[in-house]
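[1] Next come a sequence and a model predicted from it.
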Amino acid sequence: MINEEEVADLVIPLRSWMDIEAKKQLVDPKSSPNEKNICSKESIIRKTTISYGIIELLLRSDNDDDDHDGTLDQDIFQIDNFAVQVCKKSPPEEQHHLPWDDIKGVSMMHPALALSIEEPAYLSCLLEPEEKQYQWGRYLEVEQTSGCLKKKTRLNELQWRRRVAKILKIKERDSDPRCHYLVAKLLYEIFAHEILPEDSSPAAVPTTTSAATEERLSKKAKTSNLLSPRAQEGEGNVDKAELPFQIPSIVRMQQLGIPASLCLLTSNLLESSLNLRGDDAQSSDDAYKSLRDVTEDLHLLLLDPDRFLFDNEVQNFENMTLCYRKKKLYGRDKEETLITDAFCRVSRGKSEAFLIGGYSGCGKSMLVNTLRARVNAVGGYVIKHKFDDLSRERSLSGVISAVNQLCLMLKGRNTPPKVALLAKKLMDEFGADIALLARIVNNVKVLSPEFVSPVAEKEGGGGDTMNARSVGFTLSRFMRVVSSPKHPVMLFLDDLQWADDTALDVIHTILSDTIGSCIFFVGTYRDNEVNADHAVFDLVKKLEISHVPITKVSLTGLDQEDLNTMISDALCLYPRICSFLSAVVIQKTKGNPFFVLEFVKSLKDRDLLKYNIYQKRWIWDEDRIRAEEITDNVLHLLSSKMNGLSDNVQSSLKVMACFGTRTSESVIGYLMDSVEYSGFQDGLDRAINDGFVERSREGTFNFVHDKVREAAYDLIPDGEKKQFHYNLGKVLHSNCDGKNYLA
């Protein structure tokens, strides 16, 4: 039985807690560098958690001692006004808690107010104890537990006026530069464990805001006594990417090993206080406008410390890369809900279709990929084929290729007895027609040796020479057996603008089967590249006539907020700072996600976006970017970049482009054996390093996007394309000895 007193929380004065924390940092000299690094990071997270709670306290506090004449009670910003609530001792069942889980809340003495700091239980339970050990990020929430909470009563007019006045006063203090300076002073002492030097003070913190000061808030000036002499002397001549932090106290923070993100946060608070100076000094664009922005930044640091809080530990800063979240889908919450709901309906036992239109690069495929984990989790199968302009005359083979994938999945993800049972069901369904199925779907033979068709072995299988109606009927019978509510099949066909009516007629036949198929068909297409008479729209009409449920969505560009989040993630920088850059980027890209990424990469390539190794952040100049003549066409942007590559890399890209969006490993092997393409592997490796190509888990080499493949194909002059294909075909034919080099 656990004694409640043993697990009760303790309330420790903040200053005492800081002293205890400082002693924790006196690690054993025998500790390894990695152990010291982890200990330091744990301390930083604890201090950041407390700082987040303190700012939330200040935002909620109602200090009656702030007079109506504009004076500010500075005592509430003192270290001694705060206390930390910590867990005295964890019960045995919580022994695996993280080193910073012991912080349960913060409180202030004057005015009396307390907040609990906690992580929602449902989030904490998502990770096993051993997994949480390596999970730095936390989604924290604060809840007021004492202080200004009062029993609800009906207020008279005077009481309402007083309450409104208090709310307005809190909002005014939230944006008060004097308050920002005092908060900076408080945070400096928490992280540095020393008093903020006087040279960081804006002369002295005034107790009132004069009309002259208000006027200065709108002026633009360039100098400040807070800045170092180097910055004042070299202003306008020094590359911003080569400047260290300019405020001496911030430099001191960095020398103490405090992460640059916290140095920047404190610096921006101090810059806000420049508005209070008696000269023409003016804060920078990055200066805080409100304390609410500070809490949002602190919350972000705690949510993803590896990206936003801790310093980048890369040794070679000259080749710094942008940290894109390649698998994150931005700004598509509504569409993600729609496609998830549609699949849930399918998993109940009825086929359905989901069509996604949109410009190239808008995230259609990425939206579909968000569903993969859910399909796999319920025992379903995801099969996919991507059409391209080279396969328009054999688009039916693309559908058959996807079904061939399904056969391999059925074999690999089921036990031998289950595979045998499935084979029996297929035999019962097809009987003598099993040879017809084997002729169309070659891989069905992996389910049973009896399914090998002599005709298929002789002719090589395939359904292009067969009647589309016959193929569709055969495939629908196959799907009827292998799909079920417990094992739904998601058939994803990408880039339907390259598909013809033959392939889509087969899809209609499969989906309109009313006997028992459980298929979720997802198709994507570029809606700006299809006419009203395209086969996609014929499919929609036929599905509606057949009463097959269908959902249609169209993706447009991201709005500025979502785009800003994407850029913030890529630069590992506070969203409020990136907003100026995002405003320029959205003008050029119209919010197209792929174009955004390529556009930002081009800014880096042209030194319009640089990494400051001293401040450990990306720096840019909006005016220079606006003044630059940068194309607003992503294909031109990629082509321009590829034209600057070596001949060897260009040659490899051109060869790969001839095979479509992906090239098999066997093709690479045959090419490497030839004299003509002996340097292909080296060029391919460089193309992968440059981000044009990636290797899939299946072993194929894929262009990272359709537009990259188009740009690579455009490297071949139009008048030379046929000859280029012919020469490539001759080399492959002479090296593959009759083997299927496309396998």
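    Okay, I see it. Numbering: from 1, shown residues only.
[2] Using the three-state scheme, assign I55.
    In terms of secondary structure, I55 is helix; the call rests on DSSP: H, G, I helix; E, B strand; the rest coil.
[3] Was I right to think it contacts T295?
    Yes. Counting by Cβ atoms under 8 Å, I55 does reach T295; the two are 4.8 Å apart. For glycine as for every other residue, the C-beta is placed from the backbone atoms N, C-alpha and C.
[4] So between those two, which is more surrounded?
    Remark: of I55 and T295, I55 carries more neighbours, 24 against 19, as counted by other Cβ atoms under 10 Å.
[5] Can you tell me how far the more buried one is from H180?
    Note on I55: its distance to H180, by Cβ to Cβ, to the nearest Å, is 11 Å.
[6] what ranges do the strands span in the stretch 51-200 of the chain?
    In the stretch 51-200 of the chain, the strands defined using DSSP state E, counting those that start in this stretch lie at 82-87, 103-108, 113-118, 141-146.
[7] tell me the most buried of these?
    strand 103-108 (a mean of 23; mean count of other Cβ atoms under 10 Å).
[8] same for that strand, what does it pack against?
    strand 9-13, helix 33-60, strand 82-87, strand 113-118 (3 or more Cβ pairs under 8 Å, 6 or more residues apart in numbering; DSSP states H and E).
[9] Off-centre distance for the second one?
    What that stands for is helix 33-60. Relative to the chain's own centre, helix 33-60 is displaced by 24 Å; criterion: Cα atoms, centre = their mean, to the nearest Å.
[10] and that helix with strand 141-146, angle?
    Angle, helix 33-60 to strand 141-146, by axes from the mean of the first three to the mean of the last three Cα atoms, to 10 degrees: 50 degrees.
[11] picking up where we left off before, export the strands of the stretch 51-200 of the chain as TSV, with columns for mean pLDDT and distance to R526.
    Output for the strands of the stretch 51-200 of the chain, formatted as TSV (pLDDT from 0 to 100; distance: least, Cβ to Cβ, whole Å):
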stretch	mean pLDDT	distance to R526
strand 82-87	91	56
strand 103-108	91	51
strand 113-118	88	47
strand 141-146	71	42
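[12] Kindly reformat those strands as TSV containing distance to V548.
    Compiled in TSV, the strands of the stretch 51-200 of the chain are given as follows (distance: least, Cβ to Cβ, whole Å):
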stretch	distance to V548
strand 82-87	56
strand 103-108	54
strand 113-118	47
strand 141-146	44
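[13] tell me which strands and helices the helix or strand where L367 lies is in contact with?
    In the assignment (DSSP states H and E), L367 maps to helix 364-369. Counting contacts by 3+ Cβ pairs under 8 Å, 6+ apart, the secondary-structure elements packed against helix 364-369 are helix 333-346, strand 352-358, strand 489-494, strand 519-525.
[14] Which of these sits closest to I545?
    Among the helices and strands packed on helix 364-369, strand 352-358 comes nearest to I545, with 12.9 Å by Cβ to Cβ.
[15] The helices and strands packed on strand 103-108: which one's closest to D495?
    Across the helices and strands packed on strand 103-108, D495 has its closest neighbour in helix 33-60 (44.7 Å, Cβ to Cβ).
[16] Quick check: mean pLDDT of that closest one?
    Averaged across helix 33-60, pLDDT comes to 91.
[17] So for that helix, what gets flagged as buried?
    Buried residues in helix 33-60, counted by 16 or more other Cβ atoms under 10 Å: 39-60.
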